[in-house]
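Colleague: Okay, here's the prediction I keep looking at, along with the sequence it came from:
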Amino acid sequence: MATTSEHPGERPSQDPVRLLAIRQTPLSVDEVFAAVGDAAAGGTALFVGTVRDHDGGAGVSALGYSSHPTAETELRRVAEKVAADYPVRALAAVHRVGDLSVGDLAVVVAVSCPHRAEAFAACRRLIDDLKHEVPIWKHQTFSDGTEEWVGVGA
């Protein structure tokens, strides 16, 4: 629920970080998009990361994500930094852990801001920082039987 303000350009008094989660259950683009709805936002940018059937030229037959117990705390830190550095009206980020199949949603992030350029920049920063700083790791099994751990997080 958005708070109202007598000054249209003023940030809402509520926390712009509306939804953060690391889940073992399937993710919903609709849930994330709804979480960042804000009447004062003129632009909303949304990024959806899906499991692809290849990586580095090799076929992927299985993929799983795991996270450190501090991952949600780190996700909040990253989200709050993005909200502080951009004119964010609302922000949301969810990442899946566990075994995923090709085509499954692995991560969904969204940011709404007064203007589109800000929304695009903030969304890009959110997904980039999430991937580099939040301790979530990807384990891939390739169609030839080899395996690889990829440090998605810190």
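Modeller: Right, received. Where do you want to start?
Colleague: Please name the nearest non-neighbouring residue to residue 28.
Modeller: residue 108 (7.6 Å; CB to CB, 6 or more residues apart in numbering). No exception for glycine: its C-beta is placed from N, CA and C like everyone else's.
Colleague: Wait, that neighbour touches residue 93, no?
Modeller: Yes. With contacts defined as CB atoms under 8 Å, residue 108 counts as touching residue 93 at a distance of 7.4 Å.
Colleague: returning to that earlier point: just checking, the residue nearest to residue 28 is part of a strand?
Modeller: Yes. Counting by DSSP: H, G, I helix; E, B strand; the rest coil, residue 108 is part of a strand.
Colleague: Tell me which residues touch it, please.
Modeller: Listed by CB atoms under 8 Å, 6 or more residues apart in numbering, the contact set of residue 108 reads 27-29, 32, 46-49, 92-94.
Colleague: Among the residues you listed, which lie within strands?
Modeller: Counting by DSSP state E, those place 46-49, 92-94 in strands.
Colleague: ChimeraX command for the buried members of those?
Modeller: Selection of the buried residues among the ones in strands among the contacts of residue 108 in ChimeraX, burial being defined by 16 or more other CB atoms under 10 Å:
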select :46,47,49,92,93,94
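Colleague: Now the two most distant members of the ones in strands among the contacts of residue 108.
Modeller: By the measure CB to CB, 49 and 92 form the most distant pair in the ones in strands among the contacts of residue 108, at 14.0 Å.
Colleague: Looks like residue 20 contacts residue 95 (just checking).
Modeller: No. Using CB under 8 Å, residue 20 is not in contact with residue 95, being 9.2 Å away.
Colleague: When those two are compared, which one has more neighbours?
Modeller: Taking other CB atoms under 10 Å, residue 20 and residue 95 do not tie; residue 95 has more neighbours (26 against 20).
Colleague: hey, where'd the strands end up in the protein?
Modeller: Going by DSSP E, the chain shows strands at 17-23, 43-50, 54-55, 58-67, 90-96, 98-100, 105-113, 136-142, 147-150.
Colleague: In JSON lines, list those along with distance to residue 82.
Modeller: Conversion of those to JSON lines gives the following (distance: least, CB to CB, whole Å):
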{"stretch": "strand 17-23", "distance to residue 82": "9"}
{"stretch": "strand 43-50", "distance to residue 82": "12"}
{"stretch": "strand 54-55", "distance to residue 82": "27"}
{"stretch": "strand 58-67", "distance to residue 82": "19"}
{"stretch": "strand 90-96", "distance to residue 82": "6"}
{"stretch": "strand 98-100", "distance to residue 82": "25"}
{"stretch": "strand 105-113", "distance to residue 82": "7"}
{"stretch": "strand 136-142", "distance to residue 82": "17"}
{"stretch": "strand 147-150", "distance to residue 82": "23"}
